[in-house]
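Engineer: Pasting the sequence and the predicted coordinates here, then a few questions.
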Amino acid sequence: MGDREFVFTAADFERVRKMIYDHAGISLAATKQDMVYSRLARRLRETGKRTFTEYLALLERGDRLEWEKFVNSLTTNLTSFFREPHHFPILADHLRKIQGKQSIKIWCSAASTGEEPYSIAMTVVEALGGFNVPVTIVATDLDTSVLATAAKGVYPADRVDKISPERLNRFFTREALTAGGGYVVKPELRRMITFQRLNLLEPNWFVRGPLDALFCRNVMIYFDKPTQHKILTRFAPLMAENGLLFAGHSESFLHAADLFRSLGKTVYDLAPKKR
């Protein structure tokens, strides 16, 4: 395109596709060239680079901070409280069935700006009757900028407008200092969650099992099938015998039937031979 601020060739795009795939497993479609340009052009301005060749060379030299910003730029964080709402009653029923356990562990592997892990925590409180329950929730994401937002737990009014008044009153306080009157997650709910960066392609994960629930929703759509299977192979040993794996509405793990069995409604448990 002649009106672009920077030259962005097909070869540049292919280098970006390879770099983000090798680093984070994200498989960028060939149709994403304009999106990639618009997001990375900002990084060129910020770093003072005049060409994509210069910018990508900066990454190839191993600039850790810029790698973080590069990945953050190319990841999409579409989320909302109680998104795909059919999953939360299923989680609540599961929690009530196992509430006699000494310790219950839940991993939210794509925390984004926090709406999903806070929805999980609210479900825990409602299902088990209080904040002081033996439940550990670990919330991770590849993107450090969204994790910082999640840890703060401050949301504008339009982000919580679909939450019932009862839940708003129980789990949030009104933040007068926020433009338009935002809401802050109450400390007792925030304390239930540990937010930490994790790249699912890293060889070592700090998350330990057995996991009673694992939310990996709308993550696998960014990976090709071999990468999906590799991650699911690593999920399986972390699952409790009756643990549940929650996927996104457009995701299917049927190609990993050796690892997980579909229970319907994009919920899975371990395949019988993996128990």
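Structural biologist: Okay, I see it.

Engineer: make it CA atoms for all contacts and neighbour counts henceforth
Structural biologist: Noted.

Engineer: mind checking how far stretch 210-224 is from the chain centre?
Structural biologist: 8 Å (C-alpha atoms, centre = their mean, to the nearest Å).

Engineer: okay, residue 177: pLDDT?
Structural biologist: pLDDT, residue 177: 60.

Engineer: How about residue 133?
Structural biologist: On the pLDDT scale, residue 133 gets 95.

Engineer: All further residue positions should be reported with the first residue as 56.
Structural biologist: Got it, first residue is 56 now, which makes that one residue 188.

Engineer: helix or strand for the residue nearest to it when sequence neighbours are not counted, which one?
Structural biologist: Excluding the flanking residues, the one nearest residue 188 by C-alpha to C-alpha, 6 or more residues apart in numbering is residue 180, at 7.9 Å. Using DSSP states H and E, residue 180 falls within helix 170-183.

Engineer: What residues sit buried inside that helix?
Structural biologist: 170-180, 182-183 (16 or more other C-alpha atoms under 10 Å).

Engineer: after it comes which helix or strand?
Structural biologist: In N-to-C order, the element after helix 170-183 by DSSP H and E is strand 190-196.

Engineer: Please identify the pairing partners of that next one and their relative orientation?
Structural biologist: Strand pairing for strand 190-196, determined by DSSP bridges: strand 159-163 (parallel), strand 248-252 (parallel).

Engineer: Any chance of those in CSV with distance to residue 298 as columns?
Structural biologist: Formatted as CSV, the strands paired with strand 190-196 follow (distance: least, C-alpha to C-alpha, whole Å):
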stretch, distance to residue 298
strand 159-163, 9
strand 248-252, 19
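
Engineer: by contact count, what packs against the host helix or strand of residue 100?
Structural biologist: Residue 100 belongs to helix 88-102 when assigned by DSSP H and E. If you count contacts as 3 or more C-alpha pairs under 8 Å, 6 or more residues apart in numbering; DSSP states H and E, helix 88-102 packs onto helix 107-115, helix 119-129.
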